[in-house]
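> quick one, fold the following:
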Amino acid sequence: MKLAYTYDDHHNAGSVWENRDLKDWLTDVFEAPAIKIEPRCTSAIREHVELEFLNEGWGLNVKLDPDFGLKVFSLKDDLAFQLQTGNMSRAPYDLLKLQYLFQAGKIEGAAIALPTQEAGRIIGDNIAHAERVCRELKLFDRVVTVPILIVAFE
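Modelled structure (predicted):
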């Protein structure tokens, strides 16, 4: 697995992560040559990313609200992170959860990591991919106002 690109422009998300000296760390998480992009590799990706976040003191599987079972992949201070390697239908739901945290005043920025379209095709059918999420964030720019850094890996 390696970093393909980032999309930093959604409400200046890149600068939110750079100002906290976390953008390089975050993108380095996806430089993991031992992980091969292949069918059924999502468990290996998830385990690797979880370990990297735990080692930096991030909380994992953090509930959005104590009265609901909804969770984000990771949260630390005023940033949230979501990893999406599943079905495309889950990506808009991730954006909704991040927007909720932003509007509730719990975060100032977020990131979501997804495979590129080509990597998604290798992983499985109808896998969420960064190109589509970037396009849809541009469409919904006034709806999804939380600064979201897109991290695309392949």
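> could you use CA atoms for every contact and neighbour count after this?
Will do.
> what sits against Leu114?
Applying C-alpha atoms under 8 Å, 6 or more residues apart in numbering to Leu114 gives the contacts 83-85, 128-130, 150-153.
> do that again at 10 Å, thanks
The contact partners of Leu114, taken as C-alpha atoms under 10 Å, 6 or more residues apart in numbering, are 82-86, 91, 120, 127-131, 133, 150-154.
> measure Ala119 to Asp21 for me?
Distance, Ala119 to Asp21, using C-alpha to C-alpha, to the nearest Å: 28 Å.
> higher neighbour count, those two?
Ala119 (22 against 11; other C-alpha atoms under 10 Å).
> quick check: buried residues in the helix or strand hosting the more buried one?
Using DSSP states H and E, Ala119 maps to helix 117-123. Residues 117, 119-123 are the ones in helix 117-123 that count as buried (16 or more other C-alpha atoms under 10 Å).
> need those residues in a markdown table with pLDDT, can you?
Output for the buried residues of helix 117-123, formatted as a markdown table (pLDDT from 0 to 100):
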| residue | pLDDT |
| --- | --- |
| Gln117 | 97 |
| Ala119 | 98 |
| Gly120 | 97 |
| Arg121 | 97 |
| Ile122 | 97 |
| Ile123 | 97 |
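> pick the one among these closest to Asp8.
Gln117 (18.0 Å; C-alpha to C-alpha).
> quick one: the strands in the protein, in order.
Under the criterion DSSP state E, the chain contains strands at 3-7, 59-63, 71-76, 79-83, 109-115, 148-153.
> residues making contact with the third one?
Strand 71-76 is contacted from outside by 46, 49-50, 53-54, 56-65, 80-84, 94, 97-98, 101, 106-107, 110-112, using C-alpha under 10 Å, 6+ apart.
> what sits against the residue of the chain positioned farthest from its centre?
Relative to the C-alpha centroid of the chain, counting by C-alpha atoms, centre = their mean, Asp67 is the outermost residue, at 23.9 Å. For Asp67, the contact set (C-alpha under 10 Å, 6+ apart) is empty.
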